[in-house]
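Enquirer: the sequence and its predicted three-dimensional model are supplied below.
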Amino acid sequence: MGSRVMKSRTTQIILAVFCFALGLLLVMQYRTQQAMRTKLAGISGADQATIISNLVAANAQLREEIASLDEQVRTYEQSSGRTPLEELVDELNRLKIINGLVETSGPGVEVRIEGSLSALDLQDMINELRNAGAEAIALNDQRVTVSSVVTSDELGRLVINNTPIEPPFVLQAIGDRQTMQTALLRAGGLIAVLEHSYTELSITVQQRSKLVLPIHSQPASFKYAKVLEH
């Protein structure tokens, strides 16, 4: 008998709690609806439908963007099996090499040019090495970067990185040795054209197991760009 009374009381308590919670939900729902009606009272039915439609579309788009970003992160992490920090460090080191901010070593080719060339001819040779896959280049111990251009000064001297250079011109390029050598020495290539145009010119290309290229002599400076302060 006592057990039945306890079960009955327990059931009543549970029902009471359930009814109380349900009542709270109904009150909250009613107040939310009233608030929405107040906010939309001065808006026409067509505008209300447009606003609701835009909100639904915006929420759906945000959900899609979140899902897309999550998928990109998973793909990025699984593709290499490395952490994002490790990938960022590698990218930073690659950018340092491209911009000549660090000394760089590796296999490549050495191009020695005996004789006079124009600034345009030397620039063409640099571009030929880049097109052949050179990852880092130096000309007469001057690191060649994206901002390096061979020009002539008022005295007629060839200049790179604001530094005069004289023959013999020695180009060192790090990359696939065989690919670069084949590209430079191909029939009808740039070297063949230059040697045909300058009869006293001599150009040799040799593979090197290890080259060491210096740091860029003039680090990049910014005149107009500044760090944004938050």
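Expert: Now that the structure is in, tell me what you want to look at.

Enquirer: give the burial count for residue 111, as a bare number.
Expert: 24 (other C-beta atoms under 10 Å). Placement of C-beta: from N, CA and C, glycine included.

Enquirer: on the three-state scheme, it is what?
Expert: Secondary structure, DSSP: H, G, I helix; E, B strand; the rest coil: residue 111 is strand.

Enquirer: what does residue 211 give?
Expert: In three-state terms, and counting by three-state DSSP, residue 211 is strand.

Enquirer: who touches it in this structure?
Expert: Residue 211 makes contact with 105, 106, 107, 108, 110, 172, 173, 174, according to C-beta atoms under 8 Å, 6 or more residues apart in numbering.

Enquirer: 7 Å instead?
Expert: By C-beta atoms under 7 Å, 6 or more residues apart in numbering, the residues touching residue 211 are 105, 106, 108, 110, 172, 174.

Enquirer: and the residue lying closest to residue 144 once chain neighbours are set aside, what are its phi and psi?
Expert: With C-beta to C-beta, 6 or more residues apart in numbering as the criterion, residue 144 has its nearest non-adjacent residue at 4.1 Å, and that residue is residue 137. Main-chain dihedrals, residue 137, degrees, to the nearest 10: phi -140, psi 150.

Enquirer: surely residue 137 is in contact with residue 146?
Expert: No: contact between residue 137 and residue 146 fails when scored by C-beta atoms under 7 Å: they sit 10.8 Å apart.

Enquirer: those two: who's more crowded?
Expert: Between residue 137 and residue 146, counting by other C-beta under 10 Å, residue 137 is the more crowded of the two (25 against 10).

Enquirer: beta partners of the more buried one?
Expert: In this entry, residue 137 is beta-bridged to residue 144, residue 173, by DSSP bridges.

Enquirer: where does it land on pLDDT?
Expert: As predicted, residue 137 sits at a pLDDT of 96.

Enquirer: now do it against residue 65, distance only.
Expert: Applying C-beta to C-beta, to the nearest Å, the value for residue 137 to residue 65 is 42 Å.

Enquirer: derive a PyMOL selection command for the buried subset of the contacts of residue 211.
Expert: Buried members of the contacts of residue 211, defined by 16 or more other C-beta atoms under 10 Å, are picked up in PyMOL with:
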select buried, resi 106+108+110+172+174
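
Enquirer: and which of the contacts of residue 211 is nearest to residue 119?
Expert: Here the nearest of these to residue 119, counting by C-beta to C-beta, is residue 172; it sits at 19.0 Å.

Enquirer: my guess is that closest one contacts residue 105. True?
Expert: No: if you go by C-beta under 7 Å, residue 172 and residue 105 don't touch, sitting 10.6 Å apart.

Enquirer: quickly check the contacts of residue 211 for the two that are furthest apart.
Expert: Longest span within the contacts of residue 211, C-beta to C-beta: 105 and 110, 13.5 Å.

Enquirer: the helices in this structure, which residues?
Expert: Using DSSP state H, the helices of the chain run over 2-39, 45-80, 84-98, 119-131, 177-185, 190-197.
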